[in-house]
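Asker: have a look at this fold, sequence not included:
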């Protein structure tokens, strides 16, 4: 899959001067869905594809601005911007300075290198997983919108869990009647970004029947039938889980014939003191690539 991703990045690079990069075509070249391509790129690159494209455009445009060989409007048009104002906003968002001022002063600009992906072998650890076909179900519980935190305890998530109260958790447990059993946490990504600070919908709830009506003061999220990759984990909380989440997208997906699909990412774990070991399961919605060599 890494070869396909690099071919897709070559496609993106060739289309930087166009008004819109055809992400669907890039995903086709990578032999995956657009949804998975965006998510995988964000996990591997540490930024959304849209941010990378803007930074690359402004890197190339910055060199032309400083050279002074063409007017600023000509440079703007050549990189797909219909007006000087739109170009100036994009330029300033990357370089922290407008193109006119940059040309007059010869200012230092920011450079986004061209990316490529490669395999880096780190140790000899293996990932334990299984593939499950699961019927439709409803996640019943409560949710909050919180920012992503990649390392350490998420203060907003911890505060949300603390606010639930015993009665709400008891009502949830009474509704749990299928796998994954017990009280779960779930993350719904609202955008392609997996950057630190990106907002997500964070759920605490249980899996129950698709027709189950949420109990008082509880919300419901309908989850369609589909395939799930289930990863087992044992290690200190929460660092081992955060490392597992990272490894699923940066190591497992590029090495296996599956792509992610829309849906919540589920986590079943026993609450423990920070730093103590715990056993957990991470459920990621996936679909098999039918022709990975296409």
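Answerer: The structure has been received and is ready for your questions. Computed from a predicted structure; not experimentally measured.

Asker: so where do the helices sit in the stretch 101-250 of the chain?
Answerer: Ranges of helices within the stretch 101-250 of the chain are 155-164, 166-175, 239-247, based on DSSP state H, counting those that start in this stretch.

Asker: just give me the neighbour total for residue 117.
Answerer: Residue 117 has 19 neighbouring residues, counting by other CB atoms under 10 Å. C-beta coordinates here come from the backbone N, C-alpha and C atoms, glycine included.

Asker: quick check: pLDDT value at it.
Answerer: Looking at residue 117, its pLDDT stands at 79.

Asker: please identify the deepest-packed of the helices of the stretch 101-250 of the chain.
Answerer: A comparison of these by mean neighbour count, using mean count of other CB atoms under 10 Å, puts helix 239-247 on top with a mean of 17.

Asker: what packs against it?
Answerer: strand 226-236, strand 265-269, strand 277-288 (3 or more CB pairs under 8 Å, 6 or more residues apart in numbering; DSSP states H and E).

Asker: show me what the last one is packed up against.
Answerer: It stands for strand 277-288. When contacts are defined as 3+ CB pairs under 8 Å, 6+ apart, strand 277-288 sits against strand 226-236, helix 239-247, strand 258-260, strand 265-269.

Asker: between the ones you listed, which one is nearest to residue 216?
Answerer: Among the helices and strands packed on strand 277-288, the nearest to residue 216 by CB to CB is strand 265-269 (23.6 Å).

Asker: now the closest one, how far from the centre of its chain.
Answerer: 16 Å (CA atoms, centre = their mean, to the nearest Å).

Asker: give me the sheet partners of that strand and which way each runs.
Answerer: strand 184-189 (antiparallel), strand 277-288 (antiparallel) (DSSP bridges).

Asker: can you put those in TSV and add mean neighbour count, distance to residue 262 and mean pLDDT?
Answerer: What follows is the strands paired with strand 265-269, written out as TSV (neighbours: other CB atoms under 10 Å; distance: least, CB to CB, whole Å; pLDDT from 0 to 100):
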stretch	mean neighbour count	distance to residue 262	mean pLDDT
strand 184-189	20	9	94
strand 277-288	18	7	93
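
Asker: could you dump those strands into a markdown table with distance to residue 178 added?
Answerer: Output for those, formatted as a markdown table (distance: least, CB to CB, whole Å):
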| stretch | distance to residue 178 |
| --- | --- |
| strand 184-189 | 11 |
| strand 277-288 | 12 |
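
Asker: of these, which is nearest residue 213?
Answerer: Closest to residue 213 of the strands paired with strand 265-269, according to CB to CB: strand 184-189, at 18.8 Å.

Asker: relative to helix 239-247, how tilted is that closest one?
Answerer: Interaxial angle of strand 184-189 relative to helix 239-247 (axes from the mean of the first three to the mean of the last three CA atoms, to 10 degrees): 40 degrees.

Asker: contacts for strand 184-189?
Answerer: Applying CB atoms under 8 Å, 6 or more residues apart in numbering, the contact partners of strand 184-189 are 39, 139, 141, 143, 157, 198, 200-207, 221, 264-269.

Asker: that'll do, ta.
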